[in-house]
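> the following block contains a protein sequence and its predicted model.
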Amino acid sequence: MSRNANLTSVDDALAHLLSQARPLTGTEPVALTAALGRVLGEDITVPLNVPPADNSAVDGYALRYDDIDPERTMAVSGRIPAGHAAAPLAPGSAARIFTGSEVPPGADTVVMQEQVEVVSDGIRIGGEQRRGQNIRRCGQDLRQGERALSRGTLLRPQELGLLASLGIAEVQVIRRYRVAVLTTGDELVEPGMPLAPGQIYNSNRFTLLGLLEQADCDVVLCETLRDEREATGQALLAAAQAADLVITSGGVSVGEEDHVRAVLESQGDLSLWRLAIKPGKPLAFGGLAGTPILGLPGNPAAVLVTFLVVATPFIRHCQGRTTPRRPAEQLPAAFSIEKPSIRREFIRARKEWLDGAAQVTAYPNQSSGVLSSACWADGLAMIPEHTVVSPGDTISYYSFSDLME
Ligand SMILES: Nc1nc2c(c(=O)[nH]1)N[C@H]1C(S)=C(S)[C@@H](COP(=O)(O)OP(=O)(O)OC[C@H]3O[C@@H](n4cnc5c(N)ncnc54)[C@H](O)[C@@H]3O)O[C@H]1N2
Ligand code: MOO
């Protein structure tokens, strides 16, 4: 691993995390109505042709192309509303047909009603017609026996519609990823309670719960721990036994009250500590009782950034999601970085439009204790290690929604 003043680079840290990630294999059945956002746990083979029969693409008349004669009135021998079986077409005649109605046996063409003149004893056909026009062929969407969707596909609204079009009401999905959340700190008080001197409200808990919900995780345990070594050890072990991943906030720096890292070091294994990332440097990663533990720093903006940059790729990998992270947009900076850092910096930023051109603006206060910067922002600008930035320089920008993908 490349280390810079004992800091592990973000790329090396991500490679290490992904090497430790164990994709979920267990599946569970869910009704289509509850399957949005889940990951398909089985390959789906098309059980029947979609559409199941040739049907009309327009409202009009079904007929045999060779019977079209602009000089002759054609009798209308039948009417086929959508949802009804089509009787065979009487020779030399036309059948009234509607969009989606099955084309009757014996017809090979549908003429739009706008090109038909209705007369007392039938119809007269004008305009230019083509053999086979306006018919949606049996199986043109999906053919029986072919692969409709593969295991690992994220189920979006259109995939749910496709499954429904195959008559499937329930699918196997990868089971939800179970995460335990432990926030640490004697100073923390839950919102709604009065605040005594020295205390602050526990904001990380809510940021993390929101992020995990957006990442389709099941939060199986959520506790706040006091800065106490033995209790921290017990709580971490209980969380490790209950979850696929434990995420903590706080207690990973160098102070003597930073117990999360110390517990990992003594009771589990600490395979990563201190990253070349700003904010978020003291991030710790390790394992306890066979469960990965991700120790995020306590500073509120560091929690958001490290979750998006480091935790999300790990979680997505474990969830069996196969789509790679979207590449950054390359945009001109509307800010400057005068002092190069040995850490890769993620700046709370906004993509803004000036005279029709996009540029990236930065929140003026990038302190990792300032969460309002993240509420102002719609994404993160990434500044590589050892880099200075002048206004107009091209930089990498990731929207928050792309980082959650
Ligand atoms: N001597 C050093 N001190 C610090 C270093 C260092 O390298 N040497 N690194 C700094 C950096 S960078 C960060 S980030 C923090 C991370 O420290 P911890 O992860 O141990 O976090 P805490 O000390 O517990 O808390 C830091 C900060 O965040 C507040 N906090 C914690 N939890 C919550 C919560 N749930 N909701 C809201 N706010 C929270 C806490 O009160 C502190 O202000 O260490 C630096 N120090
Ligand atoms: O890494 Mo810390 O989050 O810079 O404040």
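Yep, it's here. Ligands and ions are numbered 1, 2, ... in the order given.
> low-confidence ranges in the stretch 201-350 of the chain?
Scanning the stretch 201-350 of the chain for pLDDT under 70 picks out the ranges 322.
> what about the strands in it?
Using DSSP state E, counting those that start in this stretch, the strands assigned to the stretch 201-350 of the chain run over residues 217-225, 245-249, 269-273, 277-278, 284-288, 291-296, 329-332, 344-354.
> for L237, which of the ones you listed is the nearest?
strand 284-288 (6.2 Å; CB to CB). For every residue, glycine as well, the C-beta is placed using N, CA and C.
> packing partners of the closest one?
On a contact count with 3 or more CB pairs under 8 Å, 6 or more residues apart in numbering; DSSP states H and E, strand 284-288 meets helix 10-20, helix 229-242, helix 259-267, strand 269-273, strand 291-296.
> the second one vs helix 259-267, what angle?
It refers to helix 229-242. An angle of 80 degrees separates the directions of helix 229-242 and helix 259-267 when computed by axes from the mean of the first three to the mean of the last three CA atoms, to 10 degrees.
> in helix 229-242, which residues are buried?
Of the residues in helix 229-242, those with enough neighbours to count as buried (16 or more other CB atoms under 10 Å) are 232-233, 235-240.
> out of those, which comes closest to T8?
Using CB to CB, those come closest to T8 at L236, 21.8 Å.
> measure the closest one to A242 for me?
The gap separating L236 from A242 is 11 Å, by CB to CB, to the nearest Å.
> for V39, same thing?
The value you get for V39 to A242, if CB to CB is used, is 22 Å.
> same question for M382.
Taking CB to CB as the measure, M382 falls 35 Å from A242.
> how about the stretch 251-400 of the chain: which residue is closest to ligand 1?
For the stretch 251-400 of the chain, the nearest residue to ligand 1 under the criterion CB to the nearest ligand atom is G298, separated by 2.5 Å.
> list the contacts of that residue.
Taking CB atoms under 8 Å, 6 or more residues apart in numbering, we find G298 in contact with 184-185, 204, 249-253.
> same thing but 10 Å
Applying CB atoms under 10 Å, 6 or more residues apart in numbering to G298 gives the contacts 183-185, 187-188, 204, 248-253, 258, 260, 282, 368-369.
> for Y177, same thing?
Per CB under 10 Å, 6+ apart, neighbours of Y177: 23-24, 39, 212, 215-218, 220, 243-245, 315-316, 318-320.
> which ones among these are found in helices?
Taking DSSP state H, the ones among the contacts of Y177 that sit in helices are 212, 315-316, 318.
> count of residues packed around L403?
Here the count is done by other CB atoms under 10 Å, and L403 has 20 residues near it.
> my error: substitute W353 in the last question.
Summarising burial for W353: neighbours were counted as other CB under 10 Å, giving 8.
> from P52, how far out is it?
Using CB to CB, one obtains 48 Å as the distance from W353 to P52.
> what of L40?
Distance of L40 to P52, given as CB to CB: 23 Å.
> more crowded one of those two?
L40 (22 against 12).
> who are the contact partners of the closest residue to that one other than its chain neighbours?
Here the nearest residue to L40 in space, its sequence neighbours aside, is T153; by CB to CB, 6 or more residues apart in numbering that works out to 4.5 Å. Residues in contact with T153 (CB under 10 Å, 6+ apart) are 38-41, 43-44, 159, 162, 320-323.
> what about the helices in the stretch 301-405 of the chain?
For the stretch 301-405 of the chain, the helices defined by DSSP state H, counting those that start in this stretch occupy 312-318, 372-376, 400-404.
> A90 is in contact with A75, correct?
Yes - under the contact definition of CB atoms under 10 Å, A75 touches A90, with a separation of 7.8 Å.
> any residues touching stretch 68-77, and which ones?
With CB under 10 Å, 6+ apart as the contact definition, stretch 68-77 has outside contacts at 61, 63-64, 67, 87-96, 104, 109, 111, 116-127, 129, 131.
> make a ChimeraX selection of the buried ones in the residues you listed.
Applying 16+ other CB under 10 Å to the contacts of stretch 68-77 leaves a buried subset, and the ChimeraX line that selects it is:
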select :61,63,64,67,89,93,94,95,96,104,109,111,116,122,123,125,129
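> return the residues of the chain in contact with ligand 1.
Within the chain, the positions lying close to ligand 1 (CB under 6 Å from any ligand atom) are 183, 185, 187-188, 200, 202-205, 249-254, 258, 279, 281-282, 297-300, 302, 368-369.
> narrow those residues to those that are buried.
183, 185, 188, 202, 204-205, 249-253, 258, 279, 281-282, 297-300, 302, 368.
> so which of those also contact ligand 2?
279, 281, 297, 299, 302, 368.
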